[in-house]
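>>> The sequence and its predicted three-dimensional model are supplied below.
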Amino acid sequence: MFRSSQRVLILLAAAMTMSGAAMAQSTTITFRFNDTEAEIRGAIDEFQRQNPDIKVDLQRIGWRDARNQFLREAAVGQGPDVVHSAQVWVKEMGDAGATLALDSLLQQSPPANGLADFVAQDLAKNSAGKIFGLPWTTDTWAMVYRSDLLKEAGIATLPQTWTELRQASAEIFKKTGKAGFGFPAGSSASGAIWFLATSYWWSNGKALIVAKNDGAYDIGLTAEDIADCMKYFKSYVDAGDNPKANLAASDAHDPSILQALVTGNQAIGSMPPNTYKQVLEAYATANPGKPLPFVSGPFPKGSLTRSSNIGGRMLVINAHTKYPEAAWKFVRYMSSEEVFSKFYRTQFPAQRSLLKKVDFGPELKGFAEQLEYARSWGAYASGPIPIGTLWNLAGRGFGMVLSGQRSPEEAAKELLQEVRKLMPQKS
Amino acid sequence: MRSRLFIFAMLAPSFTLLALFYAYPIFKNLSMSFTDLSLLGMSRGGNWIGLDNYREILRSGDFGHILFNTLIWLTATSVAIRLLLGLVIAVLLNSTALRRLRMQTIARLGLLIPWATPPIVAVVIWRWLLDPQGAVNKALVGLGILDQPVAFFANVRTVWPAIVTIMVWNTVPLIALSLLSSLQSVPEDLYEAAELEGANQWQVFRYITLPFLMPAILVLGLMSVFWSFNNFVYVWLATGAGPGTLTNVLATEVYIKAFVDFRLGYSSAIGMVMALVMAIFGAVYLRLVARRQLEESL
C-alpha cells in the first residue's frame, strides 16, 4: 500500500515537473491585426510551426478603433505584444511611451536585407531619432475604370489630368446614364475625401501643412486653393455624375461604391489595391468565365505632377511586453519574403527588394505606375497638429460644401481658421 | 441608536459600491476637465489649466449648434414622438377590437422584435432600407410620392428625421409595453361607471385612462430624456455626425475631441457640461412637473 502510494506521488511529481518545464519553455505573445484573419492565418500558423516554443494569439480589431484602443491599454501597462499600426501613428505612439524603441533589437538581429531596404523609415522615427516600428506593407491609391463603360461613352484613353477626369466623368454620365467618377463624399472623421483633396493639392504643388527651412511649420494653402479644390469635387455631386447617395459614404470600400463598380452602374473609382482586388474578385464570382472589364491607372496630373500618399502599415511592439525577443522574432518573420510570397498576398511588402519581385498583373498596372509618384505624408505627419485632426477638419469642411450647407468660400475660410488656431503661436 | 447602526451597516455596502462606481469616475472626470490631458500623454498626465476648457466650450462657434441638435432633435423630438407613438400602440394593444381578433399575442411579440434588435443592427437595417436603391425609396417612387430616390442620410433636410426614425423604431416597444402594463391596471368598474354616465371615448381616455398612465409617462419621459440626451450610437453609426457637422451632438463631440483630436481634458469638460445640463433638467422636471402630477394622480 505504502509502496504504491509512493509510486503515485513520484509519478505525479514527475508529471508536474515536466509540465512546468514545458510551460516555462512556451511563450505566448498576442498579435493584434486590423484586417481579416484569413489574410494572415497561414503566416501565423507557419511561424508557430517553425517556432514551437512561441504561441501567437491573434486578436482582431477594426482600423477605426485600433489606435485609440491600444493607446488606452498601453497607458495602463496592458495591451497586445505586437500591434498592426498605420504608418502615420508610429511616431506619436512612440512619443506617448506606448511602444518599444526597436534600436537595440534591430542591432542584435537586423532584418535580412537591412533597414535601408524598407520604405517610409522616416515615419518610424521620433524627433530623437529612435525607431518605433518596422514598415510592413505599403500601397497607394490609384484610379480604377470600367473599360466597357469608357468604350460605351466613346472614351479611348484614360484621363490624364483632373480636367480630363472631370470631362470623362460627365461624358459617361451623359452618354450611358451611369455614374462617372463615384467617390465617397461623406464627411466622417476618417473620410476618404481627405485622400482625394490631398492628392489634388500635392499634384498642384501645394500642401495644407508645409515644413519651412528653419524647422518650423506653416499652412501651405490659401482660402482660394481650398475653395478651388472644394468646387472641383462639388461639381461631380452637383452635376449628378457622382450620385448624391455617396454623400453618405465615407470609405473607399463602402459597399454601395464597390457594388456599383461590380454591377457596372459606375465607371470610375479611386481606391487602395486591396479594395480593388475585392472588386475584381466580386466581379469574377458574379460573372464566372467572363474577362474582367477593369483597368487601373495613375491619379490625374495637376499643374505640377501626379501625386498620392504612400500609405501602409507597420508592426510595433508594446512598450510593456514581457517578451520583447519573441515579439521581435515574430515581427521579423512577418516581414520575410516567405510571408509575402506564400501567405500575405493581399498587400505589397514595404521592402524595396521584395517590391521589385511583385507581379502586379495587368489589372494592377496603374497601381504600380502610381507608386512611382506616391509620397509620404511628410509635414502632415511630423508637424504640430495630429494628422487625424487635420483629416477630421478637412472632411467636415468638404462635407459641409458637398452637402450644400456652406459655400466653398465660407467653408475654406473656416477650415483655415480652425487649422490656424491649432498651429503653434509665433512668439 | 443600535437600530441606526444596524441600518447604516446594512446600507454601507451599497454606498461603498455607489462611491466606487459613480462618485469616483465623476470626480476623476471633473479633475481631468481642468487639465490639458491628451490621449497621447496619458501616462504623463495633464497640466492644470483651470477653467480654460470650459471657457473654450462656451466660446466655441459650434457649441450652440451642437447643443441645439442635442436638445431639439436628439432629445425633445425623439422623446415626444416615442411617448406619443408608445401611447397609441399601448392603447391599440389594449383595445377590445384587437382582443376580438385574437391578435394581441402576435402584436405583442411583433413589437418585441425592434426592441430585441441591437442598435448597430437597427442602424444597418435602416441604412439599407433608406438607401437610394432601398425598399423605402422604391416604394415611394413606385407610389408616385417621389420623382427620384432620396439619399436620406446625405440630404440635409432628411438626415435628422431619418436618425429619429431609427431611434423611435428601436425603442418605442419599451414605452408601449410599459404603458400597456399600466393600462391593464385601470379598474374596469371605472370604465363601466363612465359608460353609465354617458361619457364618450375621448372623455373616457382623458379623464380615466390618462390620469392612470401619467405616473408611468412621467417616469418613462424622464428616463427617455436622459437616455436620448446622452446617446452616441445612433448618430455616430448612421452619419458619423455628418454631412459636415450637421448632425453633431454632444456625445459625438465628446468622442471626436477625445479620440480624433486626442484632447481628453477638453472632452471631459464637455462630459461635465452634459452632466450639469441633465442634473438641472432632472431637478426642474421633478420639482415642477413630476411631483405635482404624481400628487394629483395619487
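Thanks, I have the structure now. Numbering: from 1, shown residues only, chains lettered A, B, ... in the order given.
>>> what's the nearest residue to the residue nearest to the spatial centre of chain B if we skip its chain neighbours?
Closest residue to the average C-alpha location of chain B: B:S228 at 2.5 Å, with C-alpha atoms, centre = their mean. Leaving out its chain neighbours, the residue that sits closest to B:S228 by C-beta to C-beta, 6 or more residues apart in numbering or on different chains is B:T75, at 4.6 Å. The way it works is simple: take the backbone N, C-alpha and C, and place the C-beta from them, glycine included.
>>> what about that neighbour, how many neighbours?
Other residues within reach of B:T75, judged by other C-beta atoms under 10 Å in any protein chain shown, total 23.
>>> where does it fall, phi/psi-wise?
Here is the backbone geometry of B:T75 (degrees, to the nearest 10): phi -100, psi -70.
>>> what about it, distance to B:L67?
10 Å (C-beta to C-beta, to the nearest Å).
>>> Likewise for B:S267?
Applying C-beta to C-beta to B:S267 and B:L67 gives a distance of 16 Å.
>>> Give me the more crowded residue out of those two.
More neighbours surround B:S267 than the other of B:S267 and B:L67, with 24 against 17 (other C-beta under 10 Å).
>>> what residues are up against the more buried one?
B:S267 makes contact with B:254-255, B:257-258, according to C-beta atoms under 8 Å, 6 or more residues apart in numbering or on different chains.
>>> What about the residue lying closest to it once chain neighbours are set aside, how many residues nearby?
In this structure, B:S267 finds its nearest non-sequential neighbour in B:A258, 3.7 Å apart by C-beta to C-beta, 6+ apart. A total of 21 residues lie near B:A258 under the criterion other C-beta under 10 Å.
>>> my read is B:A258 is in a helix, agree?
Yes: using DSSP: H, G, I helix; E, B strand; the rest coil, the secondary structure at B:A258 is a helix.
>>> so it sits right up against B:L264, yeah?
Yes: if you go by C-beta atoms under 8 Å, B:A258 and B:L264 touch, sitting 5.3 Å apart.
>>> Quick check: which element contains A:G397?
Assigned by DSSP states H and E, A:G397 belongs to helix A:387-402.
>>> residues contacting the closest residue in space to A:Y373 that isn't next to it in sequence?
Spatially, and ignoring its direct neighbours in sequence, A:Y373 is nearest to A:R306 (4.4 Å; C-beta to C-beta, 6+ apart). Counting by C-beta under 8 Å, 6+ apart, A:R306 touches A:203, A:298-300, A:370, A:373.
>>> Can you tell me which of those residues are buried?
A:203, A:298-300, A:370, A:373 (16 or more other C-beta atoms under 10 Å in any protein chain shown).
>>> if we can go back for a sec, report the two of the contacts of B:S267 separated the most.
B:Y255 and B:K257 (7.5 Å; C-beta to C-beta).
>>> Out of the two, name the residue with the larger neighbour count.
Here B:Y255 and B:K257 are compared on neighbour count by other C-beta under 10 Å; more neighbours surround B:K257, at 23 against 17.
>>> Next one: the more buried one, what pLDDT does it get?
pLDDT recorded at B:K257 is 93.
>>> Next, count neighbours for A:K290.
For A:K290, using other C-beta under 10 Å, the count is 9.
>>> in a helix, that's where it is, yeah?
No: using three-state DSSP, the secondary structure at A:K290 is coil, not a helix.
>>> now it: how far from chain B?
Relative to chain B, A:K290 is positioned 23 Å away (C-beta to the nearest C-beta, to the nearest Å).
>>> Return the residues in contact with that residue.
Shown in contact with A:K290 (C-beta under 8 Å, 6+ apart): A:283-284.
>>> sorry, back to before: helix or strand for the residue nearest to the centre of chain B, which one?
Assigned by DSSP H and E, B:S228 belongs to helix B:210-229.
>>> How far away from the center of its chain is that helix?
Chain-centre distance of helix B:210-229: 10 Å, with C-alpha atoms, centre = their mean, to the nearest Å.
>>> Please name the nearest non-neighbouring residue to the single nearest residue of the stretch 251-400 of chain A relative to chain B.
Proximity of the stretch 251-400 of chain A to chain B (C-beta to the nearest C-beta) peaks at A:M400, 3.1 Å away. With sequence-adjacent residues excluded and distances taken as C-beta to C-beta, 6+ apart, A:M400 is closest to B:G244, at 3.1 Å.
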